[in-house]
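Sequence and predicted structure below; questions after.
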Amino acid sequence: INAEYMGSTPVSTGHSAEINAISTNPYSPFVVATGSADCQVRVWDLRSLRNPLCGLTHHTDAVLSVSWAPFNETILASSGMDHRVLLWDLARVGTTQSAEEASEGPPELLFVHGGHTNTVSDISWNANADDEWLMASVADDNTLQTWRMSEDVLGGP
């Protein structure tokens, strides 16, 4: 086996429960996202794991899957035991919100897919550039859903 062990570092400052998922950012080799049983998604710089770059909070149960969009370095999806898939835009972290906007979630929360009735165990982005926002998600009740956000959410016509 041709592999080089790079070492291990605990990331105990970022999660308070076991980490269930990890995804490397296809645009930035030092950036990863993790999903945890603590209902949190954290984004990390592998060169400095003392503290996460940011935390994404809106899941209400354990996060089981995280996946970076193959077409944009700031778009991330997460899914979990709360039966939902959340789409995040890290470019919006820290954006000012009105009280009404804040009641719907943090500014970085782009979209919530709530079509599943069971734990969403995995998610996948479409690799076809002709329909990059098409996603697939699977749940513990053996359902596969393919879906995309509406043009209204994407800012289209």
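Nice, I can see it.

going forward, measure contacts and count neighbours with C-alpha atoms only.
Noted.

can you confirm residue 107 is in a helix?
No. With DSSP: H, G, I helix; E, B strand; the rest coil as the criterion, residue 107 is coil rather than part of a helix.

What is the neighbour count of it?
Other residues within reach of residue 107, judged by other C-alpha atoms under 10 Å, total 19.

Now residue 121: closest residue in space, sequence neighbours ignored.
Leaving out its chain neighbours, the residue that sits closest to residue 121 by C-alpha to C-alpha, 6 or more residues apart in numbering is residue 139, at 5.3 Å.

List phi and psi for the one you found.
Main-chain dihedrals, residue 139, degrees, to the nearest 10: phi -120, psi 170.

Ok, residue 31 next?
Geometry field for residue 31 lists phi and psi as phi -110, psi 130, criterion degrees, to the nearest 10.

surely the residue nearest to residue 121 meets residue 122?
Yes. Shown here, residue 139 and residue 122 form a contact pair, counting by C-alpha atoms under 8 Å, at 7.2 Å.

so what's residue 44 up against?
Neighbour list for residue 44: 30-34, 51-54 [criterion: C-alpha atoms under 8 Å, 6 or more residues apart in numbering].

Look up how far residue 113 lies from it.
Distance of residue 44 to residue 113, computed by C-alpha to C-alpha, to the nearest Å: 25 Å.

Output the contacting helices and strands for the host helix or strand of residue 136.
Using DSSP states H and E, residue 136 sits within strand 135-139. The criterion is 3 or more C-alpha pairs under 8 Å, 6 or more residues apart in numbering; DSSP states H and E, and the helices and strands that strand 135-139 contacts are strand 120-125, strand 144-147.

Average pLDDT for it, rounded please.
Here strand 135-139 scores 97 as its mean pLDDT.

what does stretch 117-132 give?
Stretch 117-132 comes out at a mean pLDDT of 92.

can you list the residues that contact that stretch?
Stretch 117-132 is contacted from outside by 64-67, 69-71, 77-85, 133-141, using C-alpha under 8 Å, 6+ apart.

If I look at residue 44, what pLDDT would I see?
Note for residue 44: predicted pLDDT of 95.

For the worst-scoring helix or strand of the chain on mean pLDDT, buried residues please.
Lowest on mean pLDDT, DSSP states H and E among the helices and strands of the chain sits helix 151-154, with a mean of 69. Buried residues in helix 151-154, counting neighbours by 16 or more other C-alpha atoms under 10 Å, are absent.
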